[in-house]
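The following comprises the amino acid sequence and a computationally predicted model.
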Amino acid sequence: MINTSRSPQMSDRPRTFNVLNILMKFHAFPGDSMNKFCLVEALVPVGAGAPPNHHAGETEAFYVLDGQIGFMVEGEEILAGPGDYVAIPDGAVHAFQAVGDGPARILILNAPGHMHETFFTGIGTELLDGQTTLPEPAAPDIPMVMAKAQESGMTMVVPA
């Protein structure tokens, strides 16, 4: 279940988005954390995830709360389940996808987080802040995703 509580110092802006068919709830934008980090809770349906990408200057880490996530980090495959933590080295090519019998729930920490805030909210569709169910799946607008990635400083890795 996506927690919808907010601390009093948080801005009053939309915090729940459909990003590539993933329900993303921003617990903290960089502006909420003195520009130190972005913290997102994600409900990821089986088969959904992030395509291979890399970015310099923005640390990223994942903590699996429920379900299973298959990660690829610099060509190494990692299967992570509840309680597992996966850190992405700065600039490393990485991807993830929910696998198994049901959706996965993960925490994503980005520091300082500005790049990911711009990218996730830029390609995402705002949802009601109380929404806890997965959005209806839809095909992503790939040219828009690629443009927003480039604009935010992220590089999507396109298979050769």
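In hand now; what should we look at? Numbers count the residues shown, from 1 in each chain.

mind checking how far stretch 115-129 is from the chain centre?
9 Å (C-alpha atoms, centre = their mean, to the nearest Å).

For it, list the C-alpha coordinates in PDB.
Extracted in PDB, the C-alpha atoms of stretch 115-129 (Å, rounded to 0.1, in the frame of the first residue of the first chain):
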ATOM      1  CA  MET A 115      17.400  15.000 -12.500                       C
ATOM      2  CA  HIS A 116      15.000  12.300 -11.500                       C
ATOM      3  CA  GLU A 117      12.300  14.700 -10.300                       C
ATOM      4  CA  THR A 118      12.500  16.500 -13.700                       C
ATOM      5  CA  PHE A 119      12.400  13.200 -15.600                       C
ATOM      6  CA  PHE A 120       9.700  11.300 -13.600                       C
ATOM      7  CA  THR A 121       7.300  14.200 -13.300                       C
ATOM      8  CA  GLY A 122       8.000  15.300 -16.900                       C
ATOM      9  CA  ILE A 123       7.000  12.000 -18.500                       C
ATOM     10  CA  GLY A 124       4.500  11.100 -15.800                       C
ATOM     11  CA  THR A 125       0.800  11.700 -15.700                       C
ATOM     12  CA  GLU A 126      -0.600  13.200 -12.500                       C
ATOM     13  CA  LEU A 127      -2.800  10.900 -10.500                       C
ATOM     14  CA  LEU A 128      -5.000  11.600  -7.400                       C
ATOM     15  CA  ASP A 129      -2.700  11.700  -4.400                       C
END
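
Nearest residue to the residue most central in space within the chain in space, ignoring adjacent ones along the chain?
When C-alpha atoms, centre = their mean is applied to the chain, the residue found nearest the centroid is Ile108 (5.9 Å). Setting aside the residues directly before and after it, Ile108 is nearest to Val40 in space (C-beta to C-beta, 6 or more residues apart in numbering), at 4.5 Å. To be clear about C-beta, it is placed using only N, CA and C from the backbone, and glycine gets the same treatment.

for Lys148, same thing?
Distance criterion C-beta to C-beta, 6+ apart; nearest residue to Lys148, sequence neighbours excluded, is Gly122 at 4.3 Å.

What's the mean pLDDT across the helix or strand containing that neighbour?
Assigned by DSSP states H and E, Gly122 belongs to helix 114-123. Averaging pLDDT along helix 114-123 gives 96.
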